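> what follows is a predicted protein model with its sequence.
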Amino acid sequence: MIWDLGLLGLFVILISLFLYRNKKSLKKEGLLWLYHTSWGIKIIERTGKKWRKFLKVSSYVAVWLGYALMGIMVYLFGRLVWIYAFHSEFIKASLHGLPPVMPLVPYLPQMFKLSFLPPFYFSYWIIILAVIAITHEFFHGIYAALAGVKTKTTGFGFFPFFFPVFLAAFVNLDEKAMEKKKNFEQRAVLAAGTFANTLTAILGVILMFIFFTLTYSPSGIVFDDYAYNVVNVTNISSINGVPINWNENQINELQNISEYKNIEANGINYYGIKGVDSSSGLVGLYYDAPGINSNLTGVIQEINGEKITSLDKLSEELMLYSPGEKINVSTYDGTVKNTIEVTLEENPFSEGKSWLGVSFLDNKPNGVFSTISYYTTAYKKTNVYYEPDFLLAKFIYDLLWWLVLISFSVALVNMLPMGIFDGGRFFYLTILKLTKSQKAAEKSFKRITQFFLFLLFVIMFFWAKSFF
């Protein structure tokens with residue numbers, strides 16, 4: 001979007017002017033320029049007092065949520081190490097060289113051609129950054145106020161100091177007073193930020209559901225594959241009209257040859273090979289069906305002008321036609337709409353009835369993120385393609401989608417038990433509570449930080465190795 005690039009240019013100019021005019025008020029800390037102010041302090045203190053009872057109860061939720069997020073993040077970190085170490089070819093193919101550690105910048109999916117993600121515009125970036133950072137720090141402040149710890153200043157950070165275009169927000173608490181508070185109160189303050197991010201993600205899911213229901217309509221169905229069958233390779237009697245007597249070498253050759261079109265097995269004709277498992281001697285064969293013969297691809301939107309909006313509607317429409325009849329199937333590939341003529345054939349599983357020969361898989365989620373994604377978008381029917389009722393609807397829905405993803409990701413990463421994150425101090429306080437020994441807590445904190453830094457090095461090593 002040209003206007004989005006224009007907004008990015010305007011943002012850089014405004015940030016440059018702001019930093020120049022307030023250069024005397026800026027303080028350099030590490031790689032950041034910090035701008036201290038008093039904005040929001042009264043609201044933080046007033047909220048901490050007014051909602052004291054509610055915040056007291058919710059602090060227990062925040063702390064236990066912190067432990068849950070920490071556990072999930074440790075598991076995901078371990079999975080990431082495993083994938084990069086033993087399946088780096090998958091990462092290279094799917095992520096197109098995207099480094100495992102890099103800041104989330106505008107246009108990242110576009111830059112690395114991550115087609116499975118929606119576009120990430122600068123306007124998304126600035127809105128989401130503001131929502132996540134401000135709520136995160138605001139919650140730190142109000143839970144600190146609950147514990148009787150004052151917020152000295154609030155403000156914004158600009159990263160990196162030599163090209164300060166990335167924004168951050170912060171609350172500067174009275175750290176000396178904080179250290180004197182009870183162990184649990186300190187943990188509640190640390191977990192408050194991730195609690196805010198999790199609540200933001202939950203609210204985002206609710207808004208996604210409401211907005212999607214009001215502004216999207218079903219306009220087609222998406223099939224997962226052409227219909228296929230799994231047979232023992234020894235049951236294949238001929239390929240391209242040539243009789244076959246199987247041996248081990250021929251089985252291995254099946255995996256590398258794509259010209260096999262006319263295959264006969266158990267008296268049934270198949271069109272081609274889906275895949276081969278040489279260890280078990282099983283082979284997946286595509287049925288010689290209308291879908292694959294017509295090279296049917298994309299979203300099926302209409303059959304003979306009748307709109308297809310669900311799997312039931314597809315079945316009902318096919319019931320109206322007999323095997324051998326020709327139908328016009330309108331499809332959409334994400335860019336262009338096409339109409340092709342398809343000659344229906346008899347369904348091998350239902351005598352006298354026609355079929356297209358496409359299959360719909362029952363894809364069960366596996367893994368944390370896929371499970372979360374599955375249940376947070378349960379309002380979408382499986383294999384149904386939806387279109388926005390107006391152009392701006394997609395822009396807004398994708399904004400909400402990114403808000404949910406980034407909010408939950410920040411909540412997870414922030415609870416990683418490493419020194420630079422809230423999870424590091426949270427882990428230290430937990431060990432201190434369990435052992436009553438400051439020395440043991442400091443040693444554990446140091447060791448676990450070193451451990452995760454080592455794992456990060458391992459990930460980066462295998463990422464770099466995947467290019468050679």
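Good, I have the coordinates.
> just checking, what packs against the longest helix along the chain?
Counting by DSSP state H, the longest helix found in the chain is helix 52-86. For helix 52-86, the contact count by 3 or more CB pairs under 8 Å, 6 or more residues apart in numbering; DSSP states H and E identifies helix 88-95, helix 122-146, helix 183-215, helix 368-376, helix 391-414, helix 422-435, helix 438-465 as packing neighbours. Any C-beta I mention is one placed from the backbone N, CA and C, and that applies to glycine too.
> please repeat the previous calculation with a cut-off of 6 Å.
Helices and strands touching helix 52-86, as assessed by 3 or more CB pairs under 6 Å, 6 or more residues apart in numbering; DSSP states H and E, comprise helix 183-215, helix 391-414, helix 438-465.
> and those helices as JSON lines, adding mean neighbour count and mean pLDDT?
Listed next are those as JSON lines, based on neighbours: other CB atoms under 10 Å; pLDDT from 0 to 100:
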{"stretch": "helix 183-215", "mean neighbour count": "20", "mean pLDDT": "97"}
{"stretch": "helix 391-414", "mean neighbour count": "19", "mean pLDDT": "96"}
{"stretch": "helix 438-465", "mean neighbour count": "15", "mean pLDDT": "94"}
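> now these in JSON lines, with distance to residue 309?
Shown next, in JSON lines, are these (distance: least, CB to CB, whole Å):
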{"stretch": "helix 183-215", "distance to residue 309": "15"}
{"stretch": "helix 391-414", "distance to residue 309": "18"}
{"stretch": "helix 438-465", "distance to residue 309": "43"}
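> so for residue 88, which of those helices sits nearest?
When the helices and strands packed on helix 52-86 are ranked by proximity to residue 88, the top entry is helix 438-465, at 5.3 Å, counting by CB to CB.
> elements contacting that closest one?
Counting by 3+ CB pairs under 6 Å, 6+ apart, the packing neighbours recorded for helix 438-465 are helix 52-86, helix 422-435.
> so which of these is the most surrounded?
When the helices and strands packed on helix 438-465 are scored by mean count of other CB atoms under 10 Å, the highest mean neighbour count falls to helix 422-435 (a mean of 20).
> kindly state the beta-bridge partners for residue 239.
According to DSSP bridges, the residues that bridge with residue 239 are residue 242, residue 263.
> mind checking pLDDT for it?
According to the prediction, residue 239 has pLDDT 81.
> then the one 5 residues further on?
Residue 244 carries a pLDDT value of 74.
> before we move on, the earlier item: out of the helices and strands packed on helix 52-86, flag the one nearest residue 116.
Nearest to residue 116 among these is helix 391-414 (12.3 Å), distances taken as CB to CB.
> for stretch 171-179, buried residues please.
Buried residues in stretch 171-179, counting neighbours by 16 or more other CB atoms under 10 Å, are found at 171, 172, 173, 178.
> oh, that last question was meant for stretch 229-236, not what I typed.
Neighbour counts using 16+ other CB under 10 Å place 231, 233, 236 of stretch 229-236 among the buried residues.
> just so I have it, where are all the strands in the stretch 201-350 of the chain?
Secondary structure of the stretch 201-350 of the chain (DSSP state E, counting those that start in this stretch): strands located at 216-221, 225-226, 228-232, 236-239, 242-243, 263-265, 268-277, 282-287, 299-303, 306-307, 326-332, 337-343, 345-346.
> before we move on, the earlier item: and which of the buried residues of stretch 229-236 is nearest residue 342?
Residue 342 has its nearest neighbour among the buried residues of stretch 229-236 in residue 231, at 25.7 Å by CB to CB.
> list the contacts for the closest one?
Counting by CB atoms under 6 Å, 6 or more residues apart in numbering, residue 231 makes contact with residue 265.
> so how far is residue 219 from it?
Distance, residue 231 to residue 219, using CB to CB, to the nearest Å: 37 Å.
> before we move on, back to that, worst mean pLDDT among the strands of the stretch 201-350 of the chain?
Ranked by mean pLDDT, those end with strand 242-243 at the bottom, a mean of 79.
> that older thread, and the longest helix of the chain with helix 122-146, angle?
Relative orientation of helix 52-86 with respect to helix 122-146: 130 degrees, computed using axes from the mean of the first three to the mean of the last three CA atoms, to 10 degrees.
> what mean pLDDT does helix 52-86 have?
95.
> before we move on, back to that, reformat the helices and strands packed on helix 438-465 as a markdown table; add distance to residue 240.
Written out in a markdown table, the entries for the helices and strands packed on helix 438-465 read as follows (distance: least, CB to CB, whole Å):
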| stretch | distance to residue 240 |
| --- | --- |
| helix 52-86 | 38 |
| helix 422-435 | 60 |
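> so which of those helices is nearest residue 297?
Closest approach to residue 297 among the helices and strands packed on helix 438-465 (CB to CB): helix 52-86, 29.7 Å.
> okay, domains of the chain per the record?
When the chain is parsed into structural domains using automatic domain parsing, the resulting residue ranges are 26-217+394-465, 228-288, 294-348.
> phi first, then psi, for residue 103.
The main-chain torsion angles of residue 103 are listed as degrees, to the nearest 10 and equal phi -70, psi 150.
> and it, how many neighbours?
8 (other CB atoms under 10 Å).
> so residue 142 is in contact with residue 47, correct?
Yes - A contact is recorded between residue 142 and residue 47 when judged using CB atoms under 6 Å, the distance being 4.7 Å.
> who has more neighbours, the two?
Each of residue 142 and residue 47 had its neighbours counted (other CB under 10 Å), and the higher figure belongs to residue 142 (24 against 19).
> can you give me every residue that contacts the more buried one?
Contacts for residue 142 were tallied using CB under 6 Å, 6+ apart; they are 44, 47, 48.
> closest to residue 206 out of those residues?
For the contacts of residue 142, the residue nearest residue 206 by CB to CB is residue 47; the value is 22.2 Å.
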